[in-house]
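Undergrad: I'd like to go over a predicted model; first the sequence, then the structure.
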Amino acid sequence: MKLYFSPGACSLSPHIVLREAGFDFTLEKVNLRNRQTASGVDYTTINPKGYVPALELDNGELLTEGPAIVQYLADQVPDRRLAPPCGTLERARVQEWLTFIGTELHKNFSPLFNPAATDDAKDAARANLARRLPIAAQVLEGRPYLTGEAFTVADAYLFTVLTWTRLVDVDLSPWPSLGAYLERVGARPSVQAAMEAEGLKR
């Protein structure tokens, strides 16, 4: 398999999951500004959506959208327990978190990375994050991971999104459980390996 990624972007989540799952895979870096891959290919000819992540499967098919990719990967290696079995309430809880992270956290970071965003848009995004981060923080006060004692694909996604707080000056100090969670997940060998491969600092 080949993962198309951009360092530190949301593609870090499936990158972590690929390593947690023990897959053999290759990486291809994408410059999101000019839509060129490291090998000089127009990325939109690979993924017309133009953004990462995209996972090229062994059979040549392309899978996009982070939550879909990480669930697919988890289901290939059920013994790793990166996601509960399909059809269970526990699986729905993981999907519940993936949806919340994607729609309520991830998307509210977008204006903070956009140089064209107005100050009003950025202020609104920060206000939204201040209302939504406590939801995850409260849950993590009583457990090590989002759905309990086990690390799941939802944790790979939340960790990825929380690393962005350092880049856009979103202060996590009001929610100590989130800071502790970043350290805890960041200490996992798969996470350290993924970040090192992407040239990221912990």
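TA: Noted; the coordinates are in hand. This structure is a prediction, so every number in the text was calculated from the model and none was measured.
Undergrad: got any ranges where this structure has weak pLDDT?
TA: 202 (pLDDT under 70).
Undergrad: Packing partners of the helix with the most length in it?
TA: Taking DSSP state H as the assignment, the helix of the chain that covers the most residues is helix 119-140. Counting contacts by 3 or more CB pairs under 8 Å, 6 or more residues apart in numbering; DSSP states H and E, helix 119-140 is packed against helix 89-100, helix 107-113, helix 176-186. C-betas here are computed from N, CA, C, even on glycine.
Undergrad: Quick one: residues in contact with the shortest one.
TA: With contacts defined as CB atoms under 8 Å, 6 or more residues apart in numbering, helix 107-113 is touched by 117, 121-122, 124-126, 128-129, 132, 161, 164, 167-168, 170.
Undergrad: ok, now the longest one?
TA: The contact list for helix 89-100, computed with CB under 8 Å, 6+ apart, reads 67, 70-71, 83-85, 132, 135-136, 146-147, 152-154, 157-158.
Undergrad: go with 10 Å
TA: Counting by CB atoms under 10 Å, 6 or more residues apart in numbering, helix 89-100 makes contact with 13, 66-68, 70-71, 74-75, 82-86, 88, 106, 132, 135-136, 139, 145-148, 150, 152-158, all of which sit outside it.
Undergrad: now swap in the last one and tell me
TA: Residues from elsewhere that reach helix 176-186 (CB under 10 Å, 6+ apart): 16, 133-134, 136-146, 151, 155-156, 158-160, 162-163, 165-166, 172-173, 175, 191-192, 195, 202.
Undergrad: Which positions in that helix come out as buried?
TA: By 16 or more other CB atoms under 10 Å, the buried positions in helix 176-186 come out as 177-178, 181-182, 184-185.
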